[in-house]
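**Student:** Task: produce atomic coordinates for the following.
(one chain, ligands or ions: 1)
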Amino acid sequence: MKKNATDPQAEAARAAATLAQLDALTEAGKLRRLAGAFARFLATLATLGHAPAPLLVAGALLSELEGRGHSCLVLADLAQDPSAQLGWLDGEWAALRTVAGPLPKKAADWRNLLQACEQVWPVGDLDFNQPLVLDGERLYLRRYWRDETMVAASVVRRAGTELPVDADAVRRWLDRLFEPRPDARAAATGPDWQKIACAIALRSELAVITGGPGTGKTYTVARLLALLFAMAGAGQAHGLRIALAAPTGKAAARLKQSIDQALDELADKLGDTLPLRELAARMGAARTLHSLLGARPDTRSFAYHAGNPLDVDVLIVDEASMVHLEMMASLLAALPAHARLILLGDKDQLASVEAGAVLGDLCAEAESGNYAEDTVAYVQAATGETIPADFALRDGGALAQSIVMLRQSRRFGGPIGALALAVNGGDSDGARAVLRAGPLEHGGRVHWIEGATPQDALALAVEGRAGVPQGYRDYLTLVKEGPDAWGGDYTGWVRAVLRRFEQFRLLCAVRAGEWGVAGLNEAIEARLDAARLIRRRGEWYVGRPVMVTRNDYATGVYNGDIGLTLPDPQRPGSLRVWFADGDAIRSVLATRLRDVETAFAMTVHKSQGSEFTHTAMVLPREMNAVLARELVYTGITRAREFFTLVSPNAAVLGQAIAERTQRASGLREALLR
Ligand SMILES: Nc1ncnc2c1ncn2[C@@H]1O[C@H](COP(=O)(O)OP(=O)(O)OP(=O)(O)O)[C@@H](O)[C@H]1O
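**Tutor:** Alright, predicted model coming up:
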């Protein structure tokens, strides 16, 4: 190791003082425990004297950022002052700098310092399996560097594989699969991006179809499946192995339902030309990614991997914005080289809870298209659609040729769509205008309770609002009536209760405090109890909605699953929790569920992949590190027909819209290499 400091004793004292300062930051709630522990671990690896204090700082911050969804530490951020990124007060960074310092002021100096440390592998040097990796001016935990490098290489390879396509045949099929668009509409809305997406997806082993809610991602992919089936020819179509997957059980069930419905409609339209119903039946259920890859209890490894690949030719993954870096790496590793991967998702939604923002990184250029000349020519031949010059002028790489953004929403044209669009575009005045015009102009579709009190939120949760009947009273009334009101049909009653519960949901931006999940769940329970809609007896009671917080392979419930607690008809006095699985329902004895929490209020993060007829979103009183445009957009787009914003402090909406989630990652750059 090249020495940075001269006096070993002074260096030892500085390292010890730095670790103590990191502990103090942990106590102050500014660092997670793991960050300090990781710095200590780095210190124990020093065989040549003591670990330099700046390395311990960088290691702790890297670990902290990983916990906040970043896949690396950008040295330029570290050089400037990471306080804002970390949500630290000025004095806190200054204090750490004083004990560990002097710290480099330039990214290049940080790089020089770190590459001299024995705990760091500078990419390209001799590799001793050091825990930290230095790639250019980014510092990684080794696992994330490996995943990011793997994802970039695999994506670029797949996107760059040009498969032979008979453009004339594609065009003939697309003309049958899609309705002709009247000229006037075509002129107003630009080319038919849905058709273009199908043609583009046929050409390589990777396709990314992104778009906001209701832009027809599922509609398009059903037609793409029919097209793949048609193009495979009579001989091979029957052998085509297609798998559907999504990050959560609910999203998987929704995908399967929508695709089945779309294929059914197509089958009616096309008659006997293609056996589409057979295709739908053969596809089997959509699965969670965990189950598809063969997750095993208590280990990060999967049954399917590069050495034992999945048995598929086409894999469709919906809600891809929720797929984190490690999962994407595992998925790509387990995919056979010849298989096609089709990712569907909304690039503007919140990124995954875990580290990485893979879909966002892949789609960084999606708005502008960046189609190369040969893509434009191919699209023209295969679809008859002309990609406008605006989307074809730039010099796009291989990945850009595999991405299509759907730009016209069929379901979201009204005020909720206008609100989502304003938020997404960073236009907080526009968002406020839509919300304030809500009750009068929009027939109550959107509504803003400004300057809300906790009582307002509770009243909304229980009763809904005028003209929009759904609140939790609705499903709980059905629960109280019991299966007798359903002619004694217990299963029919359970289905009806589950459906009604899906009508309304209260989403929170934060977990803690009276405006967070914890406080609101408690308050809503108390209010419902007082209204005699529930009778709390300890933790479990009839009507309790719960969300699973950890995968449990023994009972078959997964993180994010939502169920309702109802009496067990077989065992009077005991309770079962019922979960909807698409059209099917299943249940688990309440006492067997270990990691669950009450779900009258849930976080926007956890609501991804779900939609409710009426969605209410509660913002906290003060701006908070998790509040950002992507979160507000995701909350709004969970609403199918009605949206209510509840905010005690009107200013927070604008502040949240102004804030963008920036996840540090080297993926965008690696994709362009
Ligand atoms: N080209 C089209 N012609 C007619 N109807 C369409 C077309 N595209 C989409 N739709 C209809 O619009 C609705 C929304 O489409 P779809 O569910 O595929 O959107 P999505 O992007 O998958 O939405 P989400 O992200 O909410 O799942 C559906 O009812 C679908 O049938």
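
**Student:** remind me, longest strand of the chain?
**Tutor:** Using DSSP state E, we find that the single longest strand of the chain is strand 639-647.

**Student:** now could you export just the CA positions of that strand as CSV?
**Tutor:** Taking Å, rounded to 0.1, in the frame of the first residue of the first chain, the C-alpha atoms of strand 639-647 are listed here in CSV:
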residue,chain,number,x,y,z
ALA,A,639,-56.0,5.7,-8.7
ARG,A,640,-58.3,4.2,-11.3
GLU,A,641,-61.3,6.6,-11.1
PHE,A,642,-60.9,8.9,-8.1
PHE,A,643,-58.0,10.5,-6.4
THR,A,644,-57.8,12.5,-3.2
LEU,A,645,-54.8,14.3,-1.9
VAL,A,646,-54.6,14.9,1.8
SER,A,647,-52.0,17.3,3.0
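
**Student:** what's downstream of it, the next helix or strand?
**Tutor:** Downstream of strand 639-647, the first helix or strand assigned by DSSP states H and E is helix 651-658.

**Student:** Taking strand 639-647 as reference, get the angle to that following helix.
**Tutor:** Going by axes from the mean of the first three to the mean of the last three C-alpha atoms, to 10 degrees, helix 651-658 is angled at 120 degrees with respect to strand 639-647.

**Student:** related to what we said a few turns ago, just checking: what are the partner strands of the longest strand of the chain?
**Tutor:** Sheet pairing for strand 639-647, assigned by DSSP bridges, gives strand 446-450 (parallel), strand 612-618 (parallel).

**Student:** Show residues contacting it.
**Tutor:** For strand 639-647, contacts defined as C-beta atoms under 8 Å, 6 or more residues apart in numbering pick out 411, 416, 419, 435, 444-452, 456-457, 460, 465, 468, 470, 611-619, 636, 653. In short, each C-beta sits where N, CA and C put it, glycine included.

**Student:** Can you report how many residues lie near the residue in the chain that the ligand sits nearest to?
**Tutor:** Across the chain, no residue is closer to the ligand than Gly216, which sits at 3.0 Å (C-beta to the nearest ligand atom). For Gly216, the count of nearby residues is 20 (other C-beta atoms under 10 Å).

**Student:** wait, isn't it in contact with Ala197?
**Tutor:** No - counting by C-beta atoms under 8 Å, Ala197 is not a contact partner of Gly216; they are 9.0 Å apart.

**Student:** Between those two, which contacts overlap?
**Tutor:** Leu406.

**Student:** how about low-confidence regions in this structure?
**Tutor:** For the chain, the stretches with pLDDT under 70 are 1-6, 184-187, 234-238, 394-395, 438-443, 582-583.

**Student:** Up against the ligand, what does the protein have?
**Tutor:** Remark: the part of the chain in contact with the ligand comprises 179, 194, 211, 213-219, 258, 410-411, using C-beta under 6 Å from any ligand atom.

**Student:** want to throw these into TSV with secondary structure?
**Tutor:** Formatted as TSV, these follow (DSSP: H, G, I helix; E, B strand; the rest coil):
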residue	secondary structure
Glu179	coil
Gln194	helix
Gly211	strand
Pro213	coil
Gly214	coil
Thr215	coil
Gly216	coil
Lys217	helix
Thr218	helix
Tyr219	helix
Ser258	helix
Arg410	coil
Arg411	coil
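
**Student:** need the contact list for the residue lying closest to Ala43 once chain neighbours are set aside.
**Tutor:** Spatially, and ignoring its direct neighbours in sequence, Ala43 is nearest to Ala51 (4.4 Å; C-beta to C-beta, 6 or more residues apart in numbering). Residues near Ala51 by C-beta under 8 Å, 6+ apart: 15, 42-43, 45, 117, 119.

**Student:** do the same with Met322
**Tutor:** Listed by C-beta under 8 Å, 6+ apart, the contact set of Met322 reads 247-248, 251, 345, 349, 352, 608-609.

**Student:** Not counting its neighbours along the chain, what's nearest it?
**Tutor:** What sits nearest to Met322 in space, not counting adjacent residues and going by C-beta to C-beta, 6+ apart, is Pro247, at 4.2 Å.

**Student:** residues making contact with the strand or helix carrying Leu42?
**Tutor:** Assigned by DSSP H and E, Leu42 belongs to helix 33-44. Here helix 33-44 makes contact (C-beta under 8 Å, 6+ apart) with 15, 18-19, 22-23, 25-26, 50-51, 55-57, 59-64, 67, 119, 131-132.
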